[in-house]
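K.L.:
take this sequence and fold it.
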Amino acid sequence: MSAGALPEGGSAAALPARPLPPHGLRPHADAQAHGLGPGLALGDMQVERLAGVVLADRLEELAALRLAVLGDFPYLYRGSAAYEERYLSDLGSLPGGLILAAFDRNRMVAAVTGAPLDQEIDALSDPFTHAGRDPGAIFYFGEVVVLPSHRGRGVGTALLEIGESHIRDNGRFASAAFGEIVRSTDHPRRPKTYRTPDAAWRRLGYRLEPDIGGTLSWCDSCDREETAKPLRFWVKSFTPSAGA
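P.N.:
Numbers count the residues shown, from 1 in each chain. Next comes the predicted model:
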């Protein structure tokens with residue numbers, strides 16, 4: 001079994017936050033943007049791109065949303081508001097960085113983040129490089145977080161599709177990708193009702209890349225030290241001839 005394959009009886013979920021690389025942080029070309037155009041409607045909700053002053057105004061709310069979602073299984077991520085706000089502020093300044101949020105009556109209920117893979121940390125870009133893929137042609141979605149009260153309504157899927165549309169318009173990327181952490185089905189904190197989102201990823205056109213895998217480390221909420229988690233990756237090509 002390759003490093004990126006899911007062990008028998010395992011489960012996976014989108015990755016929690018990770019540090020940005022210490023290089024290439026330049027002012028965002030759209031730092032004053034207030035969203036994707038005037039904002040997009042998603043049913044009774046509104047979708048907005050967060051950058052510049054808009055991100056600064058919503059930073060505390062966005063950090064709280066992420067901590068609330070990523071603290072649960074399967075992420076079990078133990079973070080701090082200060083770290084999250086710093087991480088998100090840096091991401092908003094990263095050339096090509098993308099943060100989208102959905103609002104229900106002005107309350108943030110979901111968000112998606114991403115950046116060009118060649119501006120991500122080595123733990124995420126190296127597996128693709130070693131597999132002969134060009135990180136410069138891949139956009140990497142980091143996290144899709146949705147409050148439990150708004151799950152099952154297609155909010156996360158819609159945000160991801162809006163993000164895909166945005167990066168397609170950019171014209172630089174041949175594909176999009178994201179990683180999943182691997183958790184065993186006998187994990188002591190795994191809820192009996194938990195189901196992997198694999199079917200949803202496949203419906204969106206993503207395919208599992210069993211020959212691409214790696215690890216990422218963070219501290220689980222029940223631990224005192226960081227531990228390495230296995231990763232597997234999913235990729236969606238935007239053109240039939242795309243090599244990534």
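
K.L.:
could you pull out the buried residues of stretch 95-114?
P.N.:
96-104, 108-114 (16 or more other Cβ atoms under 10 Å). C-beta coordinates here come from the backbone N, C-alpha and C atoms, glycine included.

K.L.:
this protein: helices as residue ranges?
P.N.:
Using DSSP state H, the helices of the chain run over 52-70, 81-93, 122-130, 155-170, 198-203.

K.L.:
Glu143 is nearest to which of the ones you listed?
P.N.:
helix 52-70 (7.0 Å; Cβ to Cβ).

K.L.:
looking at the buried residues of stretch 95-114, spot the one nearest Glu61.
P.N.:
Glu61 lies nearest to Met108 out of the buried residues of stretch 95-114, by Cβ to Cβ, at 5.0 Å.

K.L.:
how close does the closest one get to Leu59?
P.N.:
Plainly put, Met108 is 11 Å away from Leu59 if you go by Cβ to Cβ, to the nearest Å.

K.L.:
shared neighbours of the two, anything?
P.N.:
Contact criterion Cβ atoms under 8 Å, 6 or more residues apart in numbering; residues shared by Met108 and Leu59: none found.

K.L.:
what is the lowest-pLDDT residue among the buried residues of stretch 95-114?
P.N.:
Scanning these for pLDDT, the low point is Gly96. It has 89.

K.L.:
from Ala63, how far off is it?
P.N.:
Distance of Gly96 to Ala63, computed by Cβ to Cβ: 21 Å.

K.L.:
can you check Val69 too?
P.N.:
Counting by Cβ to Cβ, the gap from Val69 to Ala63 is 11 Å.

K.L.:
what does Thr193 give?
P.N.:
27 Å.

K.L.:
between the two, which has more neighbouring residues?
P.N.:
Ala63 (22 against 5; other Cβ atoms under 10 Å).

K.L.:
perfect, I'm done here.
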